[in-house]
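Asks: Predicted model and sequence below, questions to follow.
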Amino acid sequence: MPSEETNLIEIHSYPTPNGVKIMILLEELQVPWRHVDVNIRLGEQFTANYIALSPNNKIPAMLDPNGPGGQPLALMESNAILWYLAEKHGAFLPQDAAARYDCLQWMLFQSSHVGPMIGQANHFNNHSDVQYGRDRYNHEVTRLYRVIDTRLASNEWMAGGSYGLADIALHPWCRNRQHVQIDESSHPHFMRWFDAVDARPAVERANAQAKEIRARMDRASDRGEKIDLYNTRDNLERLSRAVSAS
């Protein structure tokens, strides 16, 4: 009989916002799980084993040994993982059809706008001296915070009338907002929401675990040969080699 350890949901990841939001949902669901470190700073996302889980070689990826029909299921894309886990466990996803689509649109808002734009702002603010790039993405991120604040002016939560997947998807991305110097006093609805999510016990547990995981993986990075995450040509070549060798 398989051991309890082999039946755990595995999150293959690094504690970026997209990794942390999966951890938050699992803690909210109180589902046993384990973290499998994928140190992107060392290029571990380009191993054949990881690409088998995540063909796009991005983190996170999930492996559920008890997926549909009792068969193992691997998934990439963090919001697809959130949707799958919420449906499987019947929680944090509205049952009403209109409310479900409302939830879906705000999850897509996070994956299509908030994540990519914050990522670009972080890149240009910390790894480039191109002022045009800094202005372009900082202004866009500031606009997105205004969208969120406006939404929350008339809604307690992002979607569906209750705390759920849209809140979980967005919250980790909004944690480190000092790089665009958001004026918190002019975003009162956002701040009310952020503090409410931040105070949830499951969110606190996930953030504490993420801090421990990050420290562990940073120590490993210090002992290894780092890759340039922002060198997209190198990323392409690493993926091509991994795929050719598999």
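Replies: All right, it came through fine.
Asks: Check for me that residue 182 belongs to a helix.
Replies: No: secondary structure of residue 182 (DSSP: H, G, I helix; E, B strand; the rest coil): coil, not part of a helix.
Asks: Who are the contact partners of it?
Replies: Residues near residue 182 by CB atoms under 8 Å, 6 or more residues apart in numbering: 142, 145. Heads up, the C-betas are built off the backbone N, CA and C, glycines and all.
Asks: which helices and strands does the helix or strand hosting residue 49 pack with?
Replies: Using DSSP states H and E, residue 49 falls within helix 48-53. Where contact means 3 or more CB pairs under 8 Å, 6 or more residues apart in numbering; DSSP states H and E, helix 48-53 is packed against strand 61-64, strand 73-76, helix 232-245.
Asks: make it 10 Å
Replies: For helix 48-53, the elements it packs on are strand 9-13, strand 33-37, strand 61-64, strand 73-76, helix 232-245, judged by 3 or more CB pairs under 10 Å, 6 or more residues apart in numbering; DSSP states H and E.
Asks: How far off centre is it?
Replies: In terms of CA atoms, centre = their mean, to the nearest Å, the centre of helix 48-53 is set 19 Å apart from its chain centre.
Asks: List the buried residues for that helix?
Replies: 50, 51, 53 (16 or more other CB atoms under 10 Å).
Asks: Quick check: the residue lying closest to the first one once chain neighbours are set aside vs residue 175, distance?
Replies: Pointing back at residue 50 there. Distance criterion CB to CB, 6 or more residues apart in numbering; nearest residue to residue 50, sequence neighbours excluded, is residue 38 at 5.9 Å. Computed as CB to CB, to the nearest Å, the residue 38 to residue 175 distance reads 21 Å.
Asks: out of those two, which sits in the more crowded spot?
Replies: Using other CB atoms under 10 Å as the criterion, residue 38 and residue 175 rank with residue 38 on top: 26 against 14.
Asks: Beyond the helix or strand containing residue 125, next helix or strand please.
Replies: Secondary structure from DSSP H and E places residue 125 in helix 115-127. Heading C-terminal from helix 115-127, the first helix or strand you meet, by DSSP H and E, is helix 131-153.
Asks: which helices and strands does the helix holding residue 125 pack with?
Replies: helix 17-29, helix 131-153.
Asks: Using CSV, write out every CA atom in the last one.
Replies: Taking Å, rounded to 0.1, in the frame of the first residue of the first chain, the C-alpha atoms of helix 131-153 are listed here in CSV:
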residue,chain,number,x,y,z
GLN,A,131,14.1,55.1,-17.8
TYR,A,132,11.4,54.6,-20.5
GLY,A,133,11.0,51.0,-19.3
ARG,A,134,10.8,52.1,-15.6
ASP,A,135,8.2,54.7,-16.4
ARG,A,136,6.1,52.5,-18.6
TYR,A,137,5.8,49.6,-16.2
ASN,A,138,5.6,51.6,-12.9
HIS,A,139,2.8,53.7,-14.3
GLU,A,140,1.0,50.6,-15.5
VAL,A,141,1.4,48.9,-12.1
THR,A,142,0.0,52.1,-10.4
ARG,A,143,-3.0,52.0,-12.7
LEU,A,144,-3.6,48.3,-11.8
TYR,A,145,-3.6,49.2,-8.1
ARG,A,146,-6.2,51.9,-8.9
VAL,A,147,-8.3,49.2,-10.7
ILE,A,148,-8.1,47.0,-7.6
ASP,A,149,-9.0,49.8,-5.2
THR,A,150,-11.9,50.8,-7.3
ARG,A,151,-13.2,47.3,-7.4
LEU,A,152,-12.9,47.0,-3.7
ALA,A,153,-14.7,50.2,-3.1
